[in-house]
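Participant: below is the structure, and that's it, no one-letter string:
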């Protein structure tokens, strides 16, 4: 499912061109950021290039080589972050981690970086360095927005057959809410759980009490019946 | 939706998010959504020797499906309330 990084060799349009999107499946271009270099793993930066962010994927295309580009789906991006600490990386960048789905099969011994062939399935980190660092917050926000548009598909029942819910993705059909995820921003960070800040939970607990009382009543009635018979 | 509701209540607190790739990130919980995607602020990596390049990032978005554990501040855990809420959830309510 998590396919990791891909090489992009096709593009449309004149000049440097644009990535090939899939509008039939609802893919839309959200943002274009020129002047971005890409850093895959510990490799040297590649530039110049242009970053395309669609509702499904992040695509980086070389400005000079039409056959050169990379893409990663949002479902494969484990995390993304704004990195401004020069100790972490010398240029401010968007830092991402990529889920390749190949980790379990990997064996370290056969790994030869020297052959200079880029093994994309081993790239688990990607940095995107805009020439204008002021764009980082905008890019971060767009990444967040698009990541939320790409929840994991609902998987079939787990191997062990239990009905335990292991991840939020399994709750999707439960909510009935529309796809616009609502982020909870602190309005009043001092409130405690169950107080006015959390209607769902407070409501749940109230209902629980009601249920409990009903059960208690039922027991009493049973008792009464028994007493009546004796 | 129990955990969504619960995590919403921890917004503004310090939590440690442990990913399935063993990376553990500590930071202030900025927000959470229905997929349990988590946004942290002022983050730092717990095991800095192992992940030196991730020394510090200001803002971080973590995909809900890659989270293994979220370590909570003890004072943010109301055991009684969670107990009741989970019982109700288990009943299918």
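Facilitator: Perfect, I can see it now. Not measured: the values here are computed from a predicted model. Numbering: from 1, shown residues only, chains lettered A, B, ... in the order given.
Participant: which residues does residue 62 bridge with?
Facilitator: All of this is about chain A. In this structure, residue A:62 bridges to residue A:49 when assessed by DSSP bridges.
Participant: meant chain B, my bad for not saying
Facilitator: Bridge pairing for residue B:62 - DSSP bridges - gives residue A:79, residue B:38.
Participant: is it true that it touches residue B:21?
Facilitator: No: between residue B:62 and residue B:21 there is no contact under Cβ atoms under 8 Å: 11.2 Å. Yep, even glycine has a C-beta here, placed from its N, CA and C like the rest.
Participant: shared neighbours, these two?
Facilitator: residue A:78 (Cβ atoms under 8 Å, 6 or more residues apart in numbering or on different chains).
Participant: more crowded one of these two?
Facilitator: Using other Cβ atoms under 10 Å in any protein chain shown, the more surrounded residue of residue B:62 and residue B:21 is residue B:62, with 26 against 13.
Participant: quick check: pLDDT value at the more buried one.
Facilitator: Per-residue confidence (pLDDT) for residue B:62: 96.
Participant: how about the one 10 residues further on?
Facilitator: Per-residue confidence at residue B:72 stands at 90 (pLDDT).
Participant: what about it, neighbour count?
Facilitator: When neighbours are counted by other Cβ under 10 Å, residue B:72 comes out with 16.
Participant: gap between it and residue B:13?
Facilitator: Here residue B:72 is placed at a distance of 8 Å from residue B:13 (Cβ to Cβ, to the nearest Å).
Participant: and residue 85, helix, strand or coil?
Facilitator: Unless you meant another one, I'm taking chain A. Here residue A:85 takes the coil state, with states given by DSSP: H, G, I helix; E, B strand; the rest coil.
Participant: meant chain B, my bad for not saying
Facilitator: Assignment for residue B:85 (three-state DSSP): helix.
Participant: and residue 18, what is it in contact with?
Facilitator: Picking chain A for this. A:11-12, A:29, A:52, A:61.
Participant: ah, no, chain B please
Facilitator: B:24, B:67-71.
Participant: now, which of these lie within strands?
Facilitator: B:24, B:67-71 (DSSP state E).
Participant: among these, which one is most surrounded by other residues?
Facilitator: Most surrounded of the ones in strands among the contacts of residue B:18: other Cβ under 10 Å gives residue B:67, at 20 neighbours.
Participant: now chain B, which segments are flagged as low pLDDT?
Facilitator: Residues of chain B that meet the criterion pLDDT under 70 lie in B:52-56, B:93.
Participant: residue A:137 - that's part of a helix, no?
Facilitator: Yes: counting by three-state DSSP, residue A:137 is part of a helix.
Participant: can you get me a residue count around it?
Facilitator: 12.
Participant: any idea how far it lies from chain B?
Facilitator: Residue A:137 is 8 Å from chain B, where distance means Cβ to the nearest Cβ, to the nearest Å.
Participant: show the contacting residues for residue 26.
Facilitator: No chain specified, so I'll use chain A. residue A:55.
Participant: please refer instead to chain B.
Facilitator: B:14-17, B:43-46.
Participant: ok, which stretches of the chain are helices?
Facilitator: You didn't say which chain, so I picked chain A. A:136-148, A:172-175, A:199-229 (DSSP state H).
Participant: was after chain B, sorry
Facilitator: B:2-8, B:79-90.
Participant: between those helices, which gets nearest to chain A?
Facilitator: With Cβ to the nearest Cβ, the closest approach to chain A among the helices of chain B belongs to helix B:2-8: 3.8 Å.
Participant: could you see whether chain A lies near that closest one?
Facilitator: Yes: using Cβ under 8 Å from any Cβ of the partner chain, helix B:2-8 reaches chain A at B:2-8.
Participant: contacts only, for residue 20.
Facilitator: The chain I'm using is chain A. Per Cβ under 8 Å, 6+ apart, neighbours of residue A:20: A:10-12.
Participant: that was the other one, I meant chain B.
Facilitator: Residue B:20 touches B:66-68, counting by Cβ under 8 Å, 6+ apart.
Participant: for residue A:51, same thing?
Facilitator: By Cβ under 8 Å, 6+ apart, the contact set of residue A:51 is A:31-34, A:36, A:58-60, A:128, A:130, A:139.
Participant: if you set the cut-off to 6 Å instead, what comes out?
Facilitator: A:33, A:36, A:60 (Cβ atoms under 6 Å, 6 or more residues apart in numbering or on different chains).
Participant: for it, give its distance to chain B.
Facilitator: For residue A:51 relative to chain B (Cβ to the nearest Cβ), the value is 17 Å.
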